[in-house]
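Novice: Test case, fold it:
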Amino acid sequence: MQQSDGRREPRPSSVDYCAAMSTVLRDLHASEASEERVSPQEQLAQRPGTARMQFCHGSTGTTLGSAYATSPLRLLTPRNHGVAAWVYLSSFGGGLVDGDHFDVQVDVDPGAFALLGTQASTKVYRSPERRAGDALASGGPTAPDGTDGTAATAASAGAAGTGGGCSQRLSARVGEGAALALLPDPVVCFADARYDQTLDIALAPTASLVAIDGYTCGRSARGERWAFSRYASRTVVTRGVTRGVTRAPSGGPGVAGGQRSLVDATRLERRRGHRAIADRMGRFDVVLSLIAFGPRFISVREAMLAAIPHEAPNGNGPSGDPAPVILAVSPVGDDGCIVRVAAERFETASLALRSSFLALAHVLGDDPFARKW
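Specialist: Residues are numbered from 1 along each chain as shown. As a prediction, this is how the structure comes out:
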């Protein structure tokens, strides 16, 4: 290279080059050493597909005190006309692909009112066939206590002789006098998809909860009706949690001083020697569950209990034809309730819960289903 006066610049010596490389390598090692000093909790929070949010109560009502998410998750915070702060989960990829493991933690401070939903249905793409050993080798997120955060998922996959898949875990703690509304859209598993979901919710003695959970048959218009490999969901509600609603070492809500009020689990899996999932599900393409606990949602519970069954005990309608929807209502304790709905179409299932949705909209002061369901 020539200078402006025409003279050629001297080429760097080998000594200068080695010194420069030593500086680069020293900085790189220092960076790696710094990363090693990050706490397990911080490492977990930096993983892809992680979201954390805290809802606070103040003189102006409920606000989102802190929130962050790592790709591919994204948090949307629309304004509303009600008393709750709303957050919607979204994904840059449009769904979960093989190997995705989402971890969402929600803190609702005493007196706060929070709503957490999804921008659209949770789409789960296909997972390739793999041996059980491959699933354990690839693994999922490691919990701060050093255990495998998806051990249950890997174990269930190993039982079936296959691995892979994706998972989503939501843990929430709700303080005294606070309320949380979990309103995600149904899960839609594509053909050959494997999906595991966990909802772990800890409620203080006077906390309230409304949560809806559901899944559909998949892309039936493409001939993928109940064609996924595995769908597993487990919802645990613990009530009476005290001492600040402590967290367990794994990062989820602790159960100190509390008692489990509800454990609702579903598992649909394609296995050799078993009937096809489509045969087991019969004419139904949609399954929804709605639960309510606590003083803030008494009116919602009353609407759920007042729901009129749409079928006779044998599953038929008044005319004797198969009913397009089956609805079952069960009280849980003194102030809890669960409604389960199986329907041929999503619109029919939503209509069966319309009275409960209207009661919830009245409590919220705004209708989250107005332009959705």
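Novice: So, low pLDDT: which residues of the stretch 101-250 of the chain?
Specialist: Residue ranges of the stretch 101-250 of the chain with pLDDT under 70: 130-163, 243-250.
Novice: all strands of the stretch 51-200 of the chain, in order?
Specialist: Applying DSSP state E, counting those that start in this stretch to the stretch 51-200 of the chain gives strands spanning 61-69, 73-76, 85-91, 101-108, 113-118, 122-124, 166-174, 179-183, 187-189, 194-203.
Novice: With respect to V210, which of these lies nearest?
Specialist: With respect to V210, and counting by CB to CB, the nearest of the strands of the stretch 51-200 of the chain is strand 179-183 at 4.7 Å. Any C-beta I mention is one placed from the backbone N, CA and C, and that applies to glycine too.
Novice: Parallel or antiparallel, list what pairs with that closest one.
Specialist: Applying DSSP bridges to the sheet, strand 179-183 is found paired with strand 113-118 (parallel), strand 208-216 (parallel).
Novice: Among those, which comes closest to G258?
Specialist: Closest among those, using CB to CB: strand 208-216, at 13.0 Å.
Novice: circling back to that earlier point, I'd like to know which of the strands paired with strand 179-183 lies nearest to A370.
Specialist: Among the strands paired with strand 179-183, the nearest to A370 by CB to CB is strand 113-118 (12.6 Å).
Novice: Now the closest one - C-alpha only, PDB.
Specialist: What follows is strand 113-118, C-alpha atoms only, in PDB (Å, rounded to 0.1, in the frame of the first residue of the first chain):
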ATOM      1  CA  PHE A 113     -54.600  -7.400  37.600                       C
ATOM      2  CA  ALA A 114     -52.900  -9.000  34.600                       C
ATOM      3  CA  LEU A 115     -54.000 -10.600  31.400                       C
ATOM      4  CA  LEU A 116     -51.700 -12.800  29.300                       C
ATOM      5  CA  GLY A 117     -52.700 -14.100  25.900                       C
ATOM      6  CA  THR A 118     -51.300 -15.100  22.600                       C
END
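Novice: what's in contact with that strand?
Specialist: Residues outside strand 113-118 that contact it (CB atoms under 8 Å, 6 or more residues apart in numbering): 53, 55, 57, 61-62, 83-90, 106, 108, 172, 178-185, 296, 364, 368.
Novice: how about 7 Å then?
Specialist: Residues outside strand 113-118 that contact it (CB atoms under 7 Å, 6 or more residues apart in numbering): 55, 62, 83-89, 106, 108, 178-185, 364, 368.
Novice: A359 falls within a helix, correct?
Specialist: Yes. Counting by DSSP: H, G, I helix; E, B strand; the rest coil, A359 is found in a helix.
Novice: For G93, see how far away H57 is.
Specialist: Distance, H57 to G93, by CB to CB, to the nearest Å: 34 Å.
Novice: what's near enough to touch R230?
Specialist: Counted by CB under 7 Å, 6+ apart, R230 has contacts G165, R194, Y195, E269, R270.
Novice: repeat for C337
Specialist: Contacts of C337 (CB under 7 Å, 6+ apart): I291, A292, R301, M304, L305, V329, P331.
Novice: What about these, which are in helices?
Specialist: Counting by DSSP state H, the part of those found in helices is R301, M304, L305.
Novice: Buried ones among these?
Specialist: R301, M304 (16 or more other CB atoms under 10 Å).
Novice: Against S127, how distant is L116?
Specialist: 26 Å.
Novice: sorry, back to before: now the strands paired with strand 179-183 in a markdown table, with mean neighbour count and distance to R345?
Specialist: Compiled in a markdown table, the strands paired with strand 179-183 are given as follows (neighbours: other CB atoms under 10 Å; distance: least, CB to CB, whole Å):
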| stretch | mean neighbour count | distance to R345 |
| --- | --- | --- |
| strand 113-118 | 23 | 20 |
| strand 208-216 | 24 | 10 |
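Novice: re the thing from before, report the buried members of the contacts of R230.
Specialist: For these, buried by 16+ other CB under 10 Å: G165, R194, Y195, E269, R270.
Novice: For those residues, could you give me a markdown table that also reports distance to A352?
Specialist: Formatted as a markdown table, these follow (distance: CB to CB, whole Å):
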| residue | distance to A352 |
| --- | --- |
| G165 | 31 |
| R194 | 29 |
| Y195 | 25 |
| E269 | 27 |
| R270 | 28 |
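Novice: and which of these is nearest to V97?
Specialist: Checking those against V97 by CB to CB gives G165 as the nearest, at 10.2 Å.
Novice: show me the contacts for the residue nearest to that closest one when sequence neighbours are not counted.
Specialist: Excluding its sequence neighbours, the residue lying closest to G165 (CB to CB, 6 or more residues apart in numbering) is R194, at 2.9 Å. Counting by CB under 7 Å, 6+ apart, R194 touches S127, G164, G165, C166, S229, R230.
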